[in-house]
Each structure stands twice: as C-alpha cells, then as structure tokens.
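Enquirer: Got a predicted structure plus its sequence, pasted below:
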Amino acid sequence: MQTFDPVLLEQWDRQYVWHPFTQMQQYVQEKPLIIARGEGSYLIDVEGNRYLDGVSSLWVTVHGHCHPALNRAIKEQLDLIAHSTLLGLANVPSILLAKKLVEITPSGLNKVFYSDAGATAVEIALKMAFQYWQQKEGGRHHSKTKFISLAEAYHGDTIGSVSVGGMSLFHGIFRPLLFQCLHAPAPYCYRCPLELEKDGCGMACVDRLEELMGKHHGEVAALIIEPLVQGAAGMITAPAGYLRRVRELCTRYNILLIADEVAVGFGRTGRLFACEHEGVSPDLMCLAKGITGGYLPLAATLTTDEIYSAFLGKPEECRTFYHGHTYTGNPVACAAALASMELFEQEGLPGTLQPKIELLRRGLESFWQLPHVGDIRQRGMMVGIELVADRETKKSYPVQEQVGHRVILEARRRGLIIRPLGDVIVLMPILTMSEGELNNVLEITFESIAAVTGH
Ligand SMILES: *Cc1c(COP(=O)(O)O)cnc(C)c1O
C-alpha cells in the first residue's frame, strides 16, 4: 500500500476535513492524531505509535481491531458481491442476519428493517410507530402522533432523532426545525432533576412519567428510551427496576416502547441487550454501533408482528412503509455482522465478561481518592467518571477550562485514546480487552485525571 508523509497528511487533514462534533478552530491548532492501523485493542498512528482504544472507536469495536475472522468474512463476501439493493430484491447475508437478529433479541421482535446508522434506525422506529397508529383499526387512533422521550436523551443527529433528543448543547440551535416532544425527567440520580436523594425517592421520576402519560396518552404514539444507560448524556445509569416500570407504564397507557439499544446493545452492559436485565420486550428496537463488531456502518430496527401487520394491504390502500436508504441491507456489512454474531458464540460473550466488569468496578473504587471525581457510574463495560470543581457542592468546572478535553490529551500522551462527554470521562473498553489491558486503561485514566485536576 502507498504510504504518505505524515506531515503532509496532517496538513491535508487541517485543510480538507471537517470533523464531526469538533470545534475546528481549536482542532487545527492541535496536532492531529492520524490512525493508520489497528491491532486487537490497539490503534496505531502514521508514526507507528500505539494507543489502547479505550472507547472502542466511539463505542463500536467489539472483538478487537483487524480480527482475522471478521476480515475473512468480509473478503469472502467481497468476492461474491459488494452491494445489491434491498428495494424489491433480496440478498443472502441480509436474510441470514435478519433471522439471527430475531433469534437473539427479546421475544416478540420478529421483523428486521435495515439502515446504516443509529440515527436512521431511530428515525425508522419513530416513523413506523407514527404510521402504525394512523393505520391501525381504520385510523381510530389517528390522534396518537406525539413522542415521549427523556431529558438528556441522545438518539442521533438527523432531524427526527434530534427532535426526541434532550441535550440542549447539541440540540438547542435546531429547535425551530424540530417536532414537538414530551419530556420526562431523566433518572440522573447524581443530579436528580426532582432534587431528591436516591435512597428513599421511590423512583419519583417514574411517577412524573406516569402523570405525563395519564394526561397525554391519547396523543402519544411511543416513548423512546436508551435502556439502562443514557450514553451521550454522560453515562447516566438508571436505577434497577426503572426500565421495567417504564415498560409497564407503556403497556398500561397503550404507548409503544422504542428501545434505542444503539449504544448499549451487543454486550456492553454485560448482557447481549440491555433490555434483558429487566426482562423487557420493547415494541421496537434500534440497533447499530456494535452490530458489525465495529467494522462497517449498519443498523437495524426490529419490530413486532402486530406493528408489521398494520402496514399490510393492497398496493392501492397505500399502507406501505415508504422509507429506505440506498445501501439498506448492504451484503458486506451484513456478512460482517453475521461473523460478529458467530464470534459472540465462540468467545462466550457476553457471559465471560463478568470478571472484567468486576475488575473495572474494583479499579474504579480507587478513583475516589481523586478529590475532583464527583460521581462514578458503571454499567457492565460502560463507565462515566464525572469530574467536578467541588465535590461537596457538585459544582461543575467552567466550560472554558476544558477539563475533560485536557484529561484525554494527557491520556493520549500516555498511550490511551479516550473521548470525554463534557467533563465526564468515558471508558468503553473493547469487550475482548485482556485484564492487563483493562488495568492499563484504568491506570492511565487515573494518572491523567490526577495530572489535570490535582491530587
Ligand atoms: C450513537 C447513538 C445513536 C446514533 O448513532 P449513529 O450511528 O451515530 O447515527 C443513536 N442512539 C444512541 C443511544 C447512540 O448512542
């Protein structure tokens, strides 16, 4: 393969590439880190430096980089065909993967609709839920057009998924473009929106949700939730039993439950899907990120026979789901996903994660020694460490101090790639990382926080 002078690449990166979620004015002043290769738990840059991938390349990598079985599956599929359309045609890997997904997801999810990003998987779920109520029982429920979502939610960056989002930093500017949405309080126990203490609150936030449903259920199509962990909000972990109660309320008030498992799916929480922890079957489920083991863009929206059947009819009845993306069901991406599912079985994932989850838990306890650690949240292999200016008052650092950003730059110097969410330091290790590698991730993160915030 042709190699390029790293200095030229840096120059061209600054000159030509606009990076996502990035203030480019700041970015172009820092030395860009340009990745050339991956190997297991490591990313290797164009100068040959090795870094542990502490956030699974933005929450996607499952079995490690450059995995021989995944590489092989993709190459084999390439020699057959790279792409054919799913509009009116079928292809082999998309069929096999749909069958597999139906088998491994919570019961009742029997139909698979493909797309290529988490945001599109959500967009599809919202449109399906909306159209379902328009068409069910001759439109008797046509007033059910709204959505309930949680404060602080993140469901992707298309206009529909931003509409059900709740992060004012990301979403505020687009407000005039968005459809209206009903917001329930987030189960953010560290900064409880109802100003209650976690022990003894009786999950009052769910009572608020019930009030909202009681008042509005006649106009609500669906509730969308990130089960167990609100990821992009800063790894906000819901208390045990929360999801179960949300499911019960949705059933009681005839509101569809959309589980956005884009981040939490495929083993991250210690189970294959987060819904399993509380025995919940959603009406719609969104999958992306880890679905291909972190190899290729692919997403799926799964739903029930009940919802699917509301779209059936003669062509002239116009009950069709008029939605699709050009690369829907791409055979190479589906082949990668199938190979990833096989690896889950071969490696005994996620069942074998428990010792690693425990290692993280124990390792994180020592972080309380650092005076600016305000909260440590962990669910399985997902970790958020919230840094605060004052632990007593939970006062945040001023934005301009860029504490989170400075911590990850320190980590980078020490050979670890992580990415913060504001001042929440996120760890999302690759599921196959060794215990030694996990200890390194913890050690470097500890040192980096200490270096920036003082002991
Ligand atoms: C990342 C994420 C999305 C968006 O996925 P993209 O592939 O970036 O569009 C949606 N929902 C959740 C919960 C996510 O974490």
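Expert: Looks like it came in fine.
Enquirer: got the buried residues for the helix or strand hosting Val7?
Expert: For Val7, the element it lies in under DSSP states H and E is helix 6-16. With burial defined by 16 or more other CB atoms under 10 Å, the residues of helix 6-16 counted as buried are Glu10. The way it works is simple: take the backbone N, C-alpha and C, and place the C-beta from them, glycine included.
Enquirer: which element follows that helix toward the C-terminus?
Expert: Heading C-terminal from helix 6-16 (DSSP H and E), you reach helix 24-27.
Enquirer: outside of that following helix, which residues touch it?
Expert: Arg14, Trp18, His19 (CB atoms under 8 Å, 6 or more residues apart in numbering).
Enquirer: out of these, who's nearest the ligand?
Expert: Using CB to the nearest ligand atom, His19 is the member of these that sits closest to the ligand, with 13.9 Å.
Enquirer: before we move on, the earlier item: CA atoms only: put the helix holding Val7 into CSV for me.
Expert: Extracted in CSV, the C-alpha atoms of helix 6-16 (Å, rounded to 0.1, in the frame of the first residue of the first chain):
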residue,chain,number,x,y,z
PRO,A,6,2.7,12.1,8.0
VAL,A,7,3.5,15.9,7.8
LEU,A,8,1.6,16.2,4.5
LEU,A,9,-1.3,14.1,5.9
GLU,A,10,-1.6,16.5,8.9
GLN,A,11,-1.6,19.5,6.6
TRP,A,12,-4.3,17.9,4.3
ASP,A,13,-6.4,16.9,7.4
ARG,A,14,-6.4,20.5,8.6
GLN,A,15,-7.0,21.8,5.1
TYR,A,16,-9.8,19.5,3.8
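Enquirer: backbone phi and psi for Arg245, please?
Expert: When read as degrees, to the nearest 10, the backbone of Arg245 gives phi -70, psi -40.
Enquirer: What strand or helix carries the residue nearest to it when sequence neighbours are not counted?
Expert: Excluding its sequence neighbours, the residue lying closest to Arg245 (CB to CB, 6 or more residues apart in numbering) is Val206, at 4.9 Å. Val206 is part of helix 204-216, with elements assigned from DSSP H and E.
Enquirer: Now that helix: buried residues?
Expert: Those would be Cys205, Val206, Leu209, Glu210, Leu212, Met213, for helix 204-216 by 16+ other CB under 10 Å.
Enquirer: what's the answer for stretch 164-179, then?
Expert: Within stretch 164-179, the residues scored as buried using 16+ other CB under 10 Å are Val164, Gly165, Gly166, Met167, His171.
Enquirer: So which of those residues belong to helices?
Expert: His171 (DSSP state H).
Enquirer: now the lowest-mean-pLDDT helix or strand in the chain, how far from the centre of its chain.
Expert: Lowest on mean pLDDT, DSSP states H and E among the helices and strands of the chain sits helix 168-171, with a mean of 75. Offset of helix 168-171 from its chain centre (CA atoms, centre = their mean, to the nearest Å): 17 Å.
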